[in-house]
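> A structural model of the following input is requested.
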Amino acid sequence: MTQERDLSDELTTLIRSTRGVTAIYAPVLSIPGSIGNLGASNGRPPGVVVTITADRISVSISIGVERDLAAQTTCRHVYDTVANYLTSHVALTPTEIRVTVASIS
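Next comes the predicted model:
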């Protein structure tokens, strides 16, 4: 879990500096019968959810984007930033990177 949390923090910092990103939102997990934040640590939910198993890395990001830039372009920049970082800093190639636009401002 620590590796996932550290990677989440590193990716959150990178994504915040990506042109067109105005916010990163903590994802919410819906489980039958309950709703809650994923991976809250010290009362602070992650901005980026990273799941690492023996053979895969999955990343889920929910962002706000500037209305003056195409949301698709901003999402592509975020996707590329995450993919490039994981490829160069982690032994596994990401198997899933999910970028969701939560707001446009």
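> can you map out the helices along the chain?
2-16, 71-89 (DSSP state H).
> buried set for the last one?
When burial is assessed from 16 or more other C-beta atoms under 10 Å, helix 71-89 yields the following buried residues: 71, 74-75, 77-79, 81-82, 85-86. Using the backbone N, CA and C atoms, a C-beta is placed for each residue, glycine as well.
> residue contacts, Leu92?
Applying C-beta atoms under 8 Å, 6 or more residues apart in numbering to Leu92 gives the contacts 52, 55-57, 86.
> The same query, at a cut-off of 10 Å, please.
Counting by C-beta atoms under 10 Å, 6 or more residues apart in numbering, Leu92 touches 52-57, 86.
> how about low-confidence regions in the chain?
1, 28-46 (pLDDT under 70).
> quick revisit: now that we have the buried residues of helix 71-89, can you turn them into TSV and tack on distance to Glu4?
Shown next, in TSV, are the buried residues of helix 71-89 (distance: C-beta to C-beta, whole Å):
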residue	distance to Glu4
Ala71	27
Thr74	25
Cys75	22
His77	23
Val78	19
Tyr79	19
Thr81	18
Val82	14
Tyr85	14
Leu86	12
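> What is the nearest of the residues you listed to Gln3?
Checking the buried residues of helix 71-89 against Gln3 with C-beta to C-beta, the nearest one is Leu86 at 12.3 Å.
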